[in-house]
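1. Predicted model, plus sequence, below.
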Amino acid sequence: MKKKYLGLAIILFLLASVATAQQKLADGTDGDGISANTDAILELSSANKGLLHSRIKLTQTSDAAPLSAHVAGMTVYNTATAGSGATAVTPGYYYNDGTQWVRIASINDLPELTNIYNADGTLTTDRTVTLDGNQLTILGKNQETFWSLHSGIVQRALDTSPYQEASMSFIAPDKDGDGDESVLSIQAYSESSAQIYAGRDAADLTIGTHATTTSAPILFNTSSGNGALATEKARITGEGNMGIGINDPTEKLDVGDGNLRVRDIGSLTGTVTDKVVVADADGVLKTLKAAMPKFFYMPSLMVPISEAQLNAANSGKLAGDSFDDGTHTGVITLYGRYNIQFGSTRPSSPSAPLLPVLPSSELHYYVTWYDPTVFTSVSIDSDGLMTYVVAAGVDVTERSFMNIVFAVKEDNE
């Protein structure tokens, strides 16, 4: 009997010693020895066996059952599919955070990932790529697009490109369904030109400033070559004045220095109403009428002083001309006679054109001399219609002369 009690005491002593020490359970298949890792309270060691967790049936993540209470750190393998909504459970490993069961996700629980190198994908939230001093390059067949450290977004043609062209296009949709889209293209060619085009269905190309807080001009800067930096050569102000060689133009076209030249101007044929261009003391261009002299005499005119003279053959009577023997009053259309004589074909030198005829509204009319012993009164209206009265007792067998002058009106009249 004493031996039995002694053996039981030894066993209980050993068990008590094991319970208060680090433990390693090994089956000897991995050759790792029997000493436990110093940082582990329990270490399992085997080359061909695993750890089998307790398998229980959870009811929902918010319920501790079949445990009596939530215990933080508790880990189980759930075998049940139970619950609904956000607290539902499905078979798999769960750990307890002290208030609920939390599923330990497997690869099947993760959302499907897309490899953008071989498949399309959808960006579900905003994303920011921070280059952090690095350069991001998208390499195409003939061009590459990269975000430079200093130059921003750069489009560059590859040396192997057969087109030797770097280009970027902005394309608006084809709203009218005619098969053409509106396109803005920016292109640069090797050892050649750089271009900006609006093409296909684009209605126009607008270059300007818009909705600025102050008057904002468009500047045109050019380089003289040999590495010279560009300097301003012309500008259009916010008010619409164009300046060449001057940065504060006051006229619609203001040339700061240099001269103007119009090529092939001699190939254009002018008209009688054309004007000449002159410059004032400040260099502002203005126009003057110069196709006609400032004044000229009306063609030869014999003034009829009787009805018989007016109605005689070759008197030159026109519609609107009249004479009343009873009142001795006559009316002659001066402009009409000038128009007939200057605007009709008369004997002239070979290839001579017709004489110019100004509109009646462009003329002033004057009688610079008449015989007061023949005419008692003379008047002319703005259309060149002259009315006159012949003195009583005048010999009506002879006509009388007058000196009549036409003056060309100024532009402001």
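-> Nice, I can see it.

2. Validate this expectation: Leu310 resides in a strand.
-> No. The assignment for Leu310, made by DSSP: H, G, I helix; E, B strand; the rest coil, is helix rather than a strand.

3. isn't it right next to Gly320, touching?
-> No. Counting by Cβ atoms under 8 Å, Gly320 is not a contact partner of Leu310; they are 11.7 Å apart. To be clear about C-beta, it is placed using only N, CA and C from the backbone, and glycine gets the same treatment.

4. Between these two, which is the more surrounded one?
-> More neighbours surround Leu310 than the other of Leu310 and Gly320, with 20 against 12 (other Cβ atoms under 10 Å).

5. quick one: that one from Thr333, how far?
-> Taking Cβ to Cβ, to the nearest Å as the criterion, Leu310 is separated from Thr333 by 12 Å.

6. what do those two both touch?
-> Common neighbours of Leu310 and Thr333 are listed as Asp321 (criterion: Cβ atoms under 8 Å, 6 or more residues apart in numbering).

7. Where does the prediction get shaky in the stretch 251-400 of the chain?
-> Applying pLDDT under 70 to the stretch 251-400 of the chain picks out residues 272, 289-292, 345.

8. which residues of it fall in helices?
-> Under the criterion DSSP state H, counting those that start in this stretch, the stretch 251-400 of the chain contains helices at 307-311, 334-343.

9. can you put those helices in JSON lines and add distance to Ala47?
-> Below are the helices of the stretch 251-400 of the chain laid out as JSON lines (distance: least, Cβ to Cβ, whole Å):
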{"stretch": "helix 307-311", "distance to Ala47": "143"}
{"stretch": "helix 334-343", "distance to Ala47": "123"}
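
10. how about these, which one is nearest Thr90?
-> Proximity to Thr90, assessed across the helices of the stretch 251-400 of the chain by Cβ to Cβ, is greatest for helix 334-343 (106.3 Å).

11. Now do whichever strand or helix holds Leu25: which elements does it pack against?
-> With secondary structure defined by DSSP states H and E, Leu25 is part of strand 23-26. On a contact count with 3 or more Cβ pairs under 8 Å, 6 or more residues apart in numbering; DSSP states H and E, strand 23-26 meets strand 42-45.

12. List the contacts of the strand it packs on.
-> Surrounding strand 42-45, the residues in contact under the criterion Cβ under 8 Å, 6+ apart are Gln22, Gln23, Lys24, Leu25, Ala26, Asp27, Asp30, Asp32, Ala36, Asn37, Leu51.

13. Pull out the buried positions in it.
-> Buried residues in strand 42-45, counted by 16 or more other Cβ atoms under 10 Å: Glu43, Ser45.

14. which neighbours does that strand have in its sheet, and in what orientation?
-> In its sheet, strand 42-45 lies beside strand 23-26 (parallel), with partners assigned from DSSP bridges.

15. Figure out how far the partner strand is from the centre of its chain.
-> Relative to its parent chain, strand 23-26 has a centroid offset of 77 Å by Cα atoms, centre = their mean, to the nearest Å.

16. Also stretch 247-257?
-> Using Cα atoms, centre = their mean, the offset of stretch 247-257 from its chain centre is 25 Å.

17. do the same with stretch 123-137
-> Averaging C-alpha positions (Cα atoms, centre = their mean) puts stretch 123-137 29 Å from its chain's average.

18. From start to finish, how long is that stretch in a straight line?
-> 20 Å (Cα to Cα, to the nearest Å).

19. buried residues in the one helix or strand Gln155 maps to?
-> Mapping Gln155 onto the secondary structure by DSSP H and E places it in strand 152-157. For strand 152-157, the neighbour count (16+ other Cβ under 10 Å) marks Ala157 as buried.
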